[in-house]
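Novice: Okay, predicted coordinates and the sequence, questions at the end:
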Amino acid sequence: MIMMRRWIHAWEHALYRRDDNRRIGPFAWGLDHLGIEGENPDPRHRLHRFVERALQNSEAFFTPPPTTAYHYQDGTLTFPSPISSPWPENNRVWANFFPASPTGPAVIVLPHWNARPEAYVALCKWLNACRMSALRLTLPYHEARKPAHLERADYLISANIGRTIQACRQSVLETRLAADWLIERGYHPVGIVGTSIGSCIAFLAFAHDERFRVGVFNHVSSYFADVVWMGLTTQHVRRSLEPYVGLEELRQFWSVISPFVYVPRLRRMSRKALLISARYDLSFLPSLTASFHRELDRWDVPYDKVVLPCGHYTSGVFPFKYLIGFSIVNYLRRHLR
């Protein structure tokens with residue numbers, strides 16, 4: 001077991017170093033991204049008050065205004081985002097649709113941070129082979145939505161506290177609008193799958209929208225801030241945050257986008273949920289995953305789980321990516337159709 005952990009951890013660090021274009025961005029409170037105004041000059045106070053109000057009415061915070069401005073052509077769905085960011089290219093949602101049939105079960109697929117355009121296409125086709133349609137969403141600040149001055153999708157998760165909240169909320173709202181489109185076209189029941197940050201977004205949507213009959217969450221953790229603070233993937237973000245805010249306060253600020261907070265909404269639910277985690281994960285630490293499992297148990301939330309002998313980065317390579325793919329597709333095949 002110790003030898004296995006050392007081997008996987010060495011592999012994780014090698015894969016992490018391969019992606020060497022990370023940049024340490026500036027810290028910012030980001031109140032402008034949240035539309036926060038007020039007479040109190042203390043940004044901490046105003047941000048705490050914003051989060052407190054959002055948590056008190058998360059139903060409204062994560063419910064988008066309806067839209068009819070969908071455009072679908074040749075497998076590509078676009079529609080305006082319900083959140084207006086300062087970058088026009090980010091304000092239009094893009095998704096690739098893989099229909100298995102004119103109606104029937106469908107799955108929304110949410111990629112990981114900085115996923116490439118071809119990522120999860122194979123999963124979508126695998127779902128098609130099992131007679132489930134799939135809609136792969138492009139996350140904010142990714143691919144066609146990425147502002148020209150960015151090399152990476154840094155604005156989704158960054159040391160700008162308010163912008164990170166806005167971007168994650170934007171993702172949830174867009175996911176629910178994508179579900180509207182599927183259901184209006186006769187696709188139901190609808191499931192949802194997310195990986196890494198996509199798992200966080202998928203859980204937030206799942207917790208606030210009972211139309212998602214099955215949820216599969218690949219990599220799970222407790223608080224958003226803990227992953228950013230402790231995880232290997234986001235150490236460059238922590239270095240920007242650390243001079244200005246500590247973990248405990250950051251956990252409070254980002255609680256509004258943390259799955260842990262919304263577990264009570266799922267108490268004794270009749271829907272199905274699968275949680276996939278990696279035993280040697282250096283980004284979503286196993287201790288944080290275990291904490292999330294305990295919270296689900298505490299609130300009597302039913303779930304299934306799969307724990308694989310790999311890490312965060314190695315979960316995307318052979319043979320582990322095929323084991324995860326099989327777990328996802330098999331679970332959805334059994335419980336969604």
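Specialist: Done, it's in.
Novice: quick one: average pLDDT of the strand or helix carrying Val306?
Specialist: Taking DSSP states H and E as the criterion, Val306 maps to strand 304-308. What strand 304-308 shows for mean pLDDT is 98.
Novice: And the next helix or strand past it?
Specialist: Read in the C-terminal direction, the helix or strand following strand 304-308 is helix 320-335, with elements assigned using DSSP H and E.
Novice: buried residues in that next one?
Specialist: Residues 320, 323-325, 327-329, 331-333, 335 are the ones in helix 320-335 that count as buried (16 or more other C-beta atoms under 10 Å). The C-beta positions use only the backbone N, C-alpha and C, and glycine is treated the same way.
Novice: and what of stretch 4-18?
Specialist: Of the residues in stretch 4-18, those buried (16+ other C-beta under 10 Å) are 8-9, 11-12, 15-16.
Novice: between the buried residues of helix 320-335, which is closest to Leu177?
Specialist: Within the set of the buried residues of helix 320-335, Leu332 lies nearest Leu177; the separation is 21.4 Å, counting by C-beta to C-beta.
Novice: what sits against Gly30?
Specialist: Counting by C-beta atoms under 8 Å, 6 or more residues apart in numbering, Gly30 makes contact with 160-166.
Novice: Quick one: distance of stretch 15-22 to the chain centre.
Specialist: If you compare the mean C-alpha spot of stretch 15-22 with that of the full chain, they lie 21 Å apart, counting by C-alpha atoms, centre = their mean, to the nearest Å.
Novice: Kindly confirm my reading that Ala179 is in a strand.
Specialist: No. Secondary structure of Ala179, determined by DSSP: H, G, I helix; E, B strand; the rest coil: helix, with no strand assignment.
Novice: Find me the pLDDT at the residue nearest to Arg152 when sequence neighbours are not counted, would you?
Specialist: Excluding its sequence neighbours, the residue lying closest to Arg152 (C-beta to C-beta, 6 or more residues apart in numbering) is Asn114, at 5.6 Å. Note on Asn114: pLDDT of 96.
Novice: Please enumerate the strands of the stretch 201-337 of the chain.
Specialist: With DSSP state E, counting those that start in this stretch applied, the stretch 201-337 of the chain shows strands at 212-218, 272-278, 304-308, listed in chain order.
Novice: same question for the second one, mean pLDDT?
Specialist: Strand 272-278 carries an average pLDDT of 98.
Novice: which secondary structure elements does it contact?
Specialist: Taking 3 or more C-beta pairs under 8 Å, 6 or more residues apart in numbering; DSSP states H and E as the contact definition, the neighbouring helices and strands of strand 272-278 are strand 212-218, helix 286-298, strand 304-308, helix 320-335.
Novice: Switch those over to CSV; also include distance to Gly198.
Specialist: Supplementary listing: the helices and strands packed on strand 272-278 in CSV, determined by distance: least, C-beta to C-beta, whole Å:
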stretch, distance to Gly198
strand 212-218, 8
helix 286-298, 16
strand 304-308, 17
helix 320-335, 12
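Novice: which stretch among these comes nearest Arg265?
Specialist: The stretch from those with the least distance to Arg265 (C-beta to C-beta) is helix 286-298; that distance is 11.6 Å.
Novice: Tell me how far the closest one lies from the chain's centre.
Specialist: Once both centres are worked out by C-alpha atoms, centre = their mean, helix 286-298 turns out to sit 18 Å from its chain's centre.
Novice: and what of stretch 168-177?
Specialist: The offset between the C-alpha centroid of stretch 168-177 and the centroid of the whole chain comes to 10 Å, using C-alpha atoms, centre = their mean.
Novice: from memory the residue nearest to Arg152 sits against Tyr155, does it?
Specialist: No. When contacts are counted by C-beta atoms under 8 Å, Asn114 is not listed as touching Tyr155 (11.4 Å).
Novice: Please enumerate the helices of this protein.
Specialist: Counting by DSSP state H, the segments of the chain that form helices are 2-18, 43-56, 58-61, 121-129, 161-184, 197-208, 224-230, 235-241, 247-253, 286-298, 320-335.
Novice: Give the buried residues for the strand holding Val306.
Specialist: In strand 304-308, counting by 16+ other C-beta under 10 Å, buried: 306, 308.
Novice: Give me the sheet partners of it and which way each runs.
Specialist: In the sheet containing strand 304-308, the strands it pairs with under DSSP bridges are strand 272-278 (parallel).
Novice: pLDDT below threshold where in the chain?
Specialist: Low-confidence segments of the chain, defined by pLDDT under 70: 38-40.
Novice: can you rerun that using 80?
Specialist: Scanning the chain with the threshold set as pLDDT under 80 gives 1, 19-20, 37-40, 337.
Novice: And for the residue nearest the centre of it, nearest residue in space, chain neighbours not counted?
Specialist: The centre of the chain sits closest to Gly198, judged by C-alpha atoms, centre = their mean, with a distance of 2.4 Å. Distance criterion C-beta to C-beta, 6+ apart; nearest residue to Gly198, sequence neighbours excluded, is Leu110 at 3.3 Å.
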